[in-house]
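Student: no sequence for this one, just the structure:
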């Protein structure tokens, strides 16, 4: 019994020391911020980080940051950055914004970020955040060629060839072979057709739509005769995209006004005007969906009962301008550090 009592006298202090060490490791410094890890997924509760629609934050253990945004129409955005994390600061190196130094405090479920001179940004840790890799889907390039001229011009599909808007750098609209990427012919025009489109019509003599330099209008010519048949009513300046719906309606985009228009050219009435909050560029309309380029990404949108983006796409390291569908795949006119390109993507209906 004496031996047992000696064992008890030895083990009790040891257990007490172990408990003290264990509690010390799991305690915080009084404000709950130093012993917890900042890494994880968060949802914005209040405040603004760079732009109003950013809502999901991923602070990753590989010292990267992903921030995902979605506006009220469903248009998605994202940014990615390398970060440096200390016990009280997070530094993010963000393109166009430089180094942002954010002081932070961390409680069990809440992260507060503070940028000098700005209101605090409050984030809440969440377990069911969207998959950051799927937020904007990456398109692959099936084939590509150099554009006939270096310009952010629109494209359209005429049934067998790609039409290339002329803009500033050419006199006429180019007709491009999609297999060889060579220009086979030209459509004569006196306009700067930054936007170009072919009417969805079973007629042999379809309309070819085009915009003009800085104009608030678009114009339509007969495909066979190249005769001018209509001039639209005024909308927003710089019509940069056109998307035929059928033989009476067409979508148009205005870069100056950040707007999309559904225009009935049989009645000369603008049936819808939609503020999108960015400069819309190339457009295409297929099977009830409007495809919209914002210059960086391609968005697929429902149009009824109201316009709403349901998917967003990008080609890594490319800007996207014009959009056209050849019956199986979407094409884009694009640009990266190597120049201007015509690209067939893997995106289909």
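Tutor: Noted; the coordinates are in hand. Note that the structure is predicted; figures quoted are calculated from it, not measured. Numbers count the residues shown, from 1 in each chain.
Student: contacts and neighbour counts: CA atoms only from here.
Tutor: Fine.
Student: Assess the claim that residue 187 and residue 170 are in contact.
Tutor: No: using Cα atoms under 8 Å, residue 187 is not in contact with residue 170, being 11.2 Å away.
Student: Identify all contacting residues around the helix or strand in which residue 65 is found.
Tutor: Using DSSP states H and E, residue 65 maps to strand 64-70. The contact list for strand 64-70 (Cα atoms under 8 Å, 6 or more residues apart in numbering) reads 53-59, 76-83, 92, 132, 135.
Student: now, which of the residues you listed lie within strands?
Tutor: Among these, the ones falling in strands (DSSP state E) are 54-59, 76-83, 92.
Student: quick check, nearest of those to residue 217?
Tutor: residue 76 (28.8 Å; Cα to Cα).
Student: can you pull the contacts of that closest one?
Tutor: Per Cα under 8 Å, 6+ apart, neighbours of residue 76: 68, 69, 70, 135, 136, 312.
Student: Apply 6 Å and report the result again.
Tutor: 69, 70 (Cα atoms under 6 Å, 6 or more residues apart in numbering).
Student: Bridge partners for it, pull those for me.
Tutor: Per DSSP bridges, the residues bridged to residue 76 are residue 70.
Student: Give me the distance between it and residue 122.
Tutor: Distance from residue 76 to residue 122, counting by Cα to Cα, to the nearest Å: 21 Å.
Student: any idea how far residue 304 is from the spatially most central residue of the chain?
Tutor: By Cα atoms, centre = their mean, the mean C-alpha position of the chain lies nearest to residue 297, the distance being 3.9 Å. In this view, residue 297 and residue 304 are 22 Å apart by Cα to Cα.
Student: same question, residue 106
Tutor: 43 Å.
Student: Which of those two has more residues huddled nearby?
Tutor: Ranked by neighbour count (other Cα atoms under 10 Å), residue 106 and residue 304 place residue 106 first, with 21 against 9.
Student: Listing request: residues of this protein with sub-threshold pLDDT.
Tutor: 1-35 (pLDDT under 70).
Student: tell me the domain ranges of it?
Tutor: According to automatic domain parsing, the chain comprises the domains 40-134, 137-345.
Student: which one of those is the most hemmed in?
Tutor: Most buried of the domains of the chain, by mean neighbour count (mean count of other Cα atoms under 10 Å): domain 137-345, with a mean of 20.
Student: Endpoints of that one, how far apart?
Tutor: Termini of domain 137-345 sit 12 Å apart (Cα to Cα).
Student: And for stretch 335-346?
Tutor: Start-to-end, stretch 335-346 (Cα to Cα) is 17 Å.
Student: How far away from the center of its chain is it?
Tutor: Here the centre of stretch 335-346 is set off from its chain's centre by 17 Å, with Cα atoms, centre = their mean, to the nearest Å.
Student: just stretch 248-262 next, same as before
Tutor: The mean C-alpha position of stretch 248-262 is separated from the chain mean by 18 Å, Cα atoms, centre = their mean.
Student: for it, how far is the first residue from the last?
Tutor: Taking Cα to Cα as the criterion, the two ends of stretch 248-262 lie 10 Å apart.
Student: which residues sit against that stretch?
Tutor: Contacts with stretch 248-262, where a contact means Cα under 6 Å, 6+ apart, come from 236-244, 263-266, 270-280.
Student: What is the most widely separated pair among the ones in strands among the contacts of strand 64-70?
Tutor: Longest span within these, Cα to Cα: 76 and 83, 22.5 Å.
Student: before we move on, the earlier item: and the contacts of stretch 248-262, which of them are in strands?
Tutor: With DSSP E as the criterion, strands contain 239-244, 263-264, 270-275 from among those.
Student: Which single one of those residues is nearest to residue 223?
Tutor: residue 244 (14.4 Å).
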